[in-house]
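In: Kindly return the folded structure for what I paste below:
(chains A and B, ligands or ions: 3)
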Amino acid sequence: METRVLELRRNVLNKNDELARNLRARFQQAELLVLNLVSSPGTGKTEFLKKTLTALREHGLRVAALVGDLETDNDAHRLMESGAPVRQITTHGCCHLDAGMIERHLEGWALEDLDILFIENVGNLVCPSNYDLGEAVRVALLSVTEGEDKPLKYPGIFNSADVAVITKMDIAEACEFDREVAEANIHEVRPGMTIFAVSAKRGVGMEEWLAFLLELQSPQSRYVMAIADAGRRAVIS
Amino acid sequence: MHELSIIYSVVSTVTKAVADQGGGQVISVRLRVGALAGVERDSLLFGYDLATQGTPLAGSVLEIEDVPVRIYCSSCACEQTLVGVQSFRCPVCGRPSGDFRSGRELAIESVEIETPQSEQAPC
Ligand SMILES: Nc1nc2c(ncn2[C@@H]2O[C@H](COP(=O)(O)OP(=O)(O)OP(=O)(O)O)[C@@H](O)[C@H]2O)c(=O)[nH]1
Ligand SMILES: [Mg+2]
Ligand SMILES: [Zn+2]
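Out: Residues are numbered from 1 along each chain as shown, chains lettered A, B, ... in the order given. Ligands and ions are numbered 1, 2, ... in the order given. Predicted coordinates for the structure are as follows:
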């Protein structure tokens, strides 16, 4: 029996990567800042995003959101209360969003008429880390009820993120949450990452987060450009 | 867990690549999986036989090469290999580094195929 070896050297998710590259190019072309929010189920992504959309609209920014959910459109309805255009992506059991879903759900939206697009990923700390959605900034959220060591248990996703947000700070004391330990753990798996600590419910810490977004959104933002130019996770070396 | 969808992507990429090369039975598929790829080695192996049934990959062996995380340490001015993924500190000087050089790989490295016997009749 004769055998031969084909050297492929191709990313397993090369289709997703290619779609994501196209999306990223479209977003850059439209000067649209795109953020991808990832966390465990129930960390507070929807609550945080609803408050963020509402506040940015008050600042006069044109914002929109795509929200992934396994089966329901509850989150989409909550986000719509902000007044921003929102589209639901029902994944029917799929544990993450992929670039194809994003592309399909953007159809009909004039991207150049938007300033910031948020994508709320499906609540899951493993799978979304592999799927580039063409975003410029990936935001990993962690609530005070989840334990300070979450980043050590799920280093892949925290490491893939650009910014971390600690949520539900209003109940930190009741949970005996140690913010310093949590931040140290985040920095163990992602040295130097920017961290915000907020209570979306009470509006605490939101000012800093919003200022950060406004800064990112400015055309001069080197930070976003650097990330966007490098693309995410160029995997094959 | 999305190991199954990962395997389906492998199947479709390999099937196409093999067909482009004139076909043949697949003997083995070699994957490179980074320590930060978020994919379980055991789940990949577990799902592989089932997911490849009825495809040109049926009966083939999945070989997984684990790729450790490598960081660049600016104090030591060199790349360092990390033993785990719980801490991104230089194993030599202990300084944290966010400059990752490997560890996110999820790639099909190579495919071994059985080439059909050449048509020349034995004398
Ligand atoms: N105390 C407190 N509760 C919060 C806060 N933010 C969200 N919650 C509550 O936490 C629960 C989950 O919040 P969601 O915003 O739905 O969380 P999610 O991450 O979008 O959840 P999934 O989309 O299902 O993954 C709800 O009961 C919220 O009311 C907060 O700042 N403080
Ligand atoms: Mg939600
Ligand atoms: Zn060092």
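
In: Check chain A for its longest strand and report it.
Out: Among all segments of chain A classified by DSSP state E, the strand with the greatest residue count is strand A:2-11.

In: what comes into contact with that one?
Out: In this structure, residues lying in contact with strand A:2-11 by CB atoms under 8 Å, 6 or more residues apart in numbering or on different chains are A:17, A:235-236, B:13-14, B:17-18, B:21, B:27, B:106-115, B:117-118. Heads up, the C-betas are built off the backbone N, CA and C, glycines and all.

In: so what's the residue in chain A positioned nearest to ligand 1 up against?
Out: When scored by CB to the nearest ligand atom, chain A has A:Gly123 as its residue closest to ligand 1, at 2.5 Å. Contacts for A:Gly123 were tallied using CB under 8 Å, 6+ apart; they are A:39-43, A:45.

In: Okay, buried residues for the longest strand of chain A please.
Out: Counting neighbours by 16 or more other CB atoms under 10 Å in any protein chain shown, one finds that the buried residues in strand A:2-11 are A:6, A:8, A:10-11.

In: Mind giving me the PyMOL command for buried ones among the contacts of strand A:2-11?
Out: This is the PyMOL syntax for the buried subset of these, where burial follows 16+ other CB under 10 Å:
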select buried, (chain A and resi 17+235) or (chain B and resi 13+14+17+18+27+106+107+108+109+111+112+113)
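
In: In strands only, show me the contacts of strand A:2-11.
Out: Judged by DSSP E, strands contain the following of these: B:27, B:106-115.

In: Among the residues you listed, give me the pair with the biggest separation.
Out: Looking at those by CB to CB, the two members farthest from one another are B:Leu106 and B:Thr115, with 28.0 Å of separation.

In: Residues of chain A that sit close to ligand 1?
Out: For chain A, the residues found near ligand 1 under the criterion CB under 6 Å from any ligand atom are A:39, A:41-47, A:75, A:123, A:167-168, A:170-171, A:199-201.

In: A:Leu37 is in what secondary structure piece?
Out: strand A:33-38 (DSSP states H and E).

In: so after that strand, what's the next helix or strand?
Out: On the C-terminal side of strand A:33-38, the closest following helix or strand by DSSP H and E is helix A:45-58.

In: picking up where we left off before, can I get the contacts of A:Gly123 in a markdown table including neighbour count?
Out: What follows is the contacts of A:Gly123, written out as a markdown table (neighbours: other CB atoms under 10 Å in any protein chain shown):
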| residue | neighbour count |
| --- | --- |
| A:Ser39 | 29 |
| A:Ser40 | 20 |
| A:Pro41 | 10 |
| A:Gly42 | 13 |
| A:Thr43 | 25 |
| A:Lys45 | 28 |
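
In: and these near ligand 2, which?
Out: Intersecting the contacts of A:Gly123 with the surroundings of ligand 2, defined as CB under 5 Å from the ion, gives A:Lys45.

In: From the contacts of A:Gly123, pick the one nearest ligand 3.
Out: When the contacts of A:Gly123 are compared for distance to ligand 3, the smallest value, 32.0 Å, is given by A:Ser39; criterion: CB to the ion.

In: measure that closest one to B:Pro56 for me?
Out: The spacing between A:Ser39 and B:Pro56, counted by CB to CB, to the nearest Å, is 39 Å.

In: Now that B:Glu112 has come up, it's in contact with B:Gln21, right?
Out: No. No contact is recorded between B:Glu112 and B:Gln21 when judged using CB atoms under 8 Å, the distance being 12.0 Å.
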